[in-house]
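Trainee: This is a predicted model, with the sequence first.
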Amino acid sequence: MQPIRRLTLAVLALALAAPFAHAASPGPQPVAIAAVSAAPQDTPYAPGVIQLAVDLSDTTHRVVNVDETIPVAPGLLTLYYPRWIPGNHSPTGPISKIAGLTVTDAASHAAISWRRDPVDVFAFHIDIPKSTAALRIAFQFLEPLRREEGRSSASDNLIDLQWNTVVLYPAGHFARQIQFLPALRLPGSDWHYATALTTASIDGALVHFAQTPLNTLVDSPVFTGTHYKRVDVSPSAANQVFLNLFGDTDEAVAISPDQIALHKNLTVQAEKLYASHHYSHYEFLFLLSDKVGGIGLEHHQSSENGEPTRYFHDWAGTVFNRDLLAHEYTHSWDGKFRRPADLWTPDFNVVPMQDSLLWVYEGMTQYWGNVLTARAGLRSAADTRDIIALIAASFESSPGRQWRTLEDTTNQPIISQRSPVTWVSWQRPEDYYMEGMLIWLDADTLIRSLSNGKRSLNDFAAKFFGVDSPSFVTETYTLDDVIATLNAVQPYDWAGFLRKRVYELAPTVPTDGITRGGYKLIYTDNEPAWRAGASRNPAMGYGFGNSLGLAVTPDGSVSNVWWNSPAFQAGIIPGMSLVAVNDTAFSVPALRQAILDAEHSTAPIRLTVRRDDAVKVIPLDYHRGLRLPSLERVPNTPALLDDILAPLP
């Protein structure tokens, strides 16, 4: 038995020694990652023009069939599916929704294998045989059918086609150097369409568009549908602008003569503001639908816009949303013609977008969108002041400004790819829109005050965006360019002004533009008429952010809770449902009345809430009223805000 025992001890000694021997290893090393392709060059795609055929006829399954013919040269070819999408400011290309990809020789129809890049899954590598002069690429884009899959972009009688979802393009070239001949098969010959692209020919339901570079193609979506109206809202013969209405029904697109006049006022006021235009013609693509998802997305010569079917025939109830068209139209100048240098990219994949100046791109657009809406009469000056008050008040009740600079919020589209967040007031995901608006109101009133009313931000708009009209070749800019133009309009420490408001923590609500504009922010129990109308929109719900600190939909679902608000401190969270208010079945009017009653009582407001299967009563010891924000005129001060909102002569 001794030999066996000695052998066992030897094996045990080796086993004990093994971990120590392994610890001496340097550990794993990273695998070298090869570049997917060379950096894009500003040179033409030499093999020739790409033919792109898109078939929208399968409305039953919401399947878009794509057929591309790509001239090629022998060797390795990399094709990209667009990843970084302009207007989204983030890598949101919906690659998960393409399927059925096949590659064949366009002449012999022989199958050619492809392989997806393991690092960049938006890239596809193909070894081109010497005998192949062109590839035929076929695949499907699968439209979302359920809410959790993403925005619905199609219905039985409406389709919003974004070309970036249905194209593969060769790597190695600037997008403007890759030429396409696009064609589109509509679901039927009775379907209408609108786009900024130039139509070459129409054969029944088949539409051929003129040759266009990839960057213009991706920037020129198509709306198509069976209920359609086209309205001319051009400010002049030399500046052609059209409103293209697509609806679920004919009633949805029934716009009145007065409403047409207001939309024409918008283009007139924009022409006066910018003293230029940067498009050959401009197409508002406007969905009026409860079936296709709402949208607001800018393009250089068009825009995608979406509102519920009630938009025109419940005009009093849509005041809050009426700046949508003005916002997206302004982007033709701010964001598309003039674009931050670090946000412009030569293609849609290789160089990532950087969003550092979105407080100009989006913040100033938010400002001019609201100002132009008022100047056009699409929204009254009084209603616009109420909305400015609402925006300022939202920051007063949102403590996220204590830890996050406005500049850092410009990273949010890349951080979250614009997905919702739970604690909006604390995370302040994309405040560069609304806080940016208040900063530019501040700048406008400051210029007017310093110049004794001789100059304003109108002058900045003309100098910065009005150059090279009517060219629509994008011109990039930097922060230094913004500061230089501000100083050219009105000398001041604009670098310090912007540093304090954008790049440093600024816990105080930015209301200087309001006070310098001749108003002050106040809170009352008085509800503006536009807000009462907006509450009829089930999608919007109703906000009690400045009082209880929650927002609730008409069915009782808690959609938002403000950080450290009375509701937050009581344990109410988003996703709960309100079942009852003070022993009365929940309704928005019942909750509103309970807040008003508590203002004259010491008894707490009792909210019965449901979370999953648990139901409990939460008392809220709150007695400060509705605290609805508005702007009150300060006597004996210049009414600069009124001047800003007045139409330009």
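Mentor: Sure, I can see it.
Trainee: Ala580 looks like it's in a helix, true?
Mentor: No - counting by DSSP: H, G, I helix; E, B strand; the rest coil, one finds Ala580 to be strand, located in no helix.
Trainee: From Trp163, how far out is it?
Mentor: Ala580 sits at a distance of 50 Å from Trp163 (criterion: Cβ to Cβ, to the nearest Å). Just so you know, the C-beta spots here come from the backbone N, C-alpha and C atoms, and that holds for glycine as well.
Trainee: Surely Asp219 touches Leu297?
Mentor: No - assessed by Cβ atoms under 8 Å, Asp219 is found out of contact with Leu297, at 10.3 Å.
Trainee: For Ala580 and Trp163, indicate the residue with more neighbours.
Mentor: Trp163 (23 against 19; other Cβ atoms under 10 Å).
Trainee: Give the rounded mean pLDDT of stretch 433-447.
Mentor: Mean per-residue pLDDT for stretch 433-447: 97.
Trainee: Go ahead and name everything in contact with stretch 26-37.
Mentor: Thr78, Asp117, Val119, Asp120, Ala123, Ala171, Gly172, Val350 (Cβ atoms under 8 Å, 6 or more residues apart in numbering).
Trainee: give the contact list for the second one.
Mentor: Neighbour list for Asp117: Val36, Thr78, Ala123, Phe124, His125 [criterion: Cβ under 8 Å, 6+ apart].
Trainee: name the element the second one belongs to?
Mentor: Yep, that's Thr78 we're talking about. strand 75-80 (DSSP states H and E).
Trainee: so how far is that strand from its chain's centroid?
Mentor: In this view, strand 75-80 has its centroid 31 Å away from the chain centroid, taken as Cα atoms, centre = their mean, to the nearest Å.
Trainee: how about the helices in the stretch 401-550 of the chain?
Mentor: For the stretch 401-550 of the chain, the helices defined by DSSP state H, counting those that start in this stretch occupy 406-409, 412-416, 424-427, 434-450, 457-465, 479-489, 494-498, 512-516, 529-534.
Trainee: can you state the direction angle for the fourth one and helix 479-489?
Mentor: Counting by axes from the mean of the first three to the mean of the last three Cα atoms, to 10 degrees, helix 434-450 lies at 30 degrees to helix 479-489.
Trainee: buried stuff in helix 434-450?
Mentor: By neighbour count on 16 or more other Cβ atoms under 10 Å, the buried set for helix 434-450 is 434-448.
Trainee: quick check, nearest of those residues to Trp562?
Mentor: Met434 (15.0 Å; Cβ to Cβ).
Trainee: And the residue nearest to the closest one when sequence neighbours are not counted, how close does it get to Met437?
Mentor: Of all residues not flanking Met434 in the chain, Ile391 sits nearest, at 4.9 Å (Cβ to Cβ, 6 or more residues apart in numbering). Relative to Met437, Ile391 is positioned 7 Å away (Cβ to Cβ).
Trainee: where does the chain have low pLDDT?
Mentor: When residues are selected by pLDDT under 70, those of the chain lie in 1-23, 533-541.
Trainee: And it, what are its domain boundaries?
Mentor: 46-225, 338-510, 529-628 (automatic domain parsing).
Trainee: Rebuild those domains as a markdown table, extending it with distance to Ile260.
Mentor: Formatted as a markdown table, the domains of the chain follow (distance: least, Cβ to Cβ, whole Å):
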| stretch | distance to Ile260 |
| --- | --- |
| domain 46-225 | 16 |
| domain 338-510 | 12 |
| domain 529-628 | 21 |
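Trainee: Out of those, which gets nearest to Tyr274?
Mentor: Minimum separation from Tyr274 across the domains of the chain (Cβ to Cβ) falls at domain 338-510, 5.1 Å.
Trainee: From the opening residue of that closest one to its closing one, how far?
Mentor: 26 Å (Cα to Cα, to the nearest Å).
Trainee: Tell me how far that domain lies from the chain's centre.
Mentor: Worked out by Cα atoms, centre = their mean, domain 338-510 lies 15 Å from the chain centre.
Trainee: For Ser380, which non-adjacent residue is closest in space?
Mentor: Using Cβ to Cβ, 6+ apart, the nearest residue to Ser380 is Ala374, at 7.1 Å.
Trainee: whoops, I mixed them up, Thr476
Mentor: Ala341 (4.0 Å).
Trainee: What values do phi and psi take at the one you found?
Mentor: Ala341 adopts backbone torsions of phi -60, psi -40, taken as degrees, to the nearest 10.
Trainee: How about Leu287?
Mentor: phi -90, psi 130.
Trainee: Just list whatever residues bridge to it.
Mentor: Beta-bridge partners recorded for Leu287 (DSSP bridges): Phe246, Gly306.
Trainee: Quick check: it vs Val609, distance?
Mentor: Leu287 is 36 Å from Val609, by Cβ to Cβ.
Trainee: Which residues does stretch 236-254 contact?
Mentor: Against stretch 236-254 from outside (Cβ under 8 Å, 6+ apart): 155, 157-158, 192, 194, 223-225, 227-235, 255, 260, 263, 267, 271, 277, 280-291, 309, 311-313.
Trainee: So Leu287 and Val609 - more neighbours on which side?
Mentor: Legend: neighbour count by other Cβ under 10 Å for Leu287 and Val609, higher for Leu287 (30 against 22).
Trainee: thought the more buried one was touching Glu307?
Mentor: Yes - the pair Leu287 / Glu307 is scored as a contact, 7.2 Å apart, by Cβ under 8 Å.
Trainee: Can you work out which residues contact both of those two?
Mentor: Residues touching both Leu287 and Glu307 (Cβ under 8 Å, 6+ apart): Gly294.
Trainee: show me the residues around Gly293 that make contact.
Mentor: Contact partners of Gly293, counting by Cβ under 8 Å, 6+ apart, are Arg151, Ser152, Ser153, Gly306.
Trainee: typo on my end, Thr199
Mentor: Thr199 touches Val207, His208, Phe209, Ala210, counting by Cβ under 8 Å, 6+ apart.
Trainee: what do you get for His227?
Mentor: Neighbour list for His227: Asn157, Leu158, Phe246, Gly247, Asp248, Thr249, Asp250, Ala252, Val253 [criterion: Cβ under 8 Å, 6+ apart].
Trainee: ok, the third one to Asp55 distance?
Mentor: Okay, so that is Phe246. Applying Cβ to Cβ to Phe246 and Asp55 gives a distance of 19 Å.
Trainee: Thank you, goodbye.
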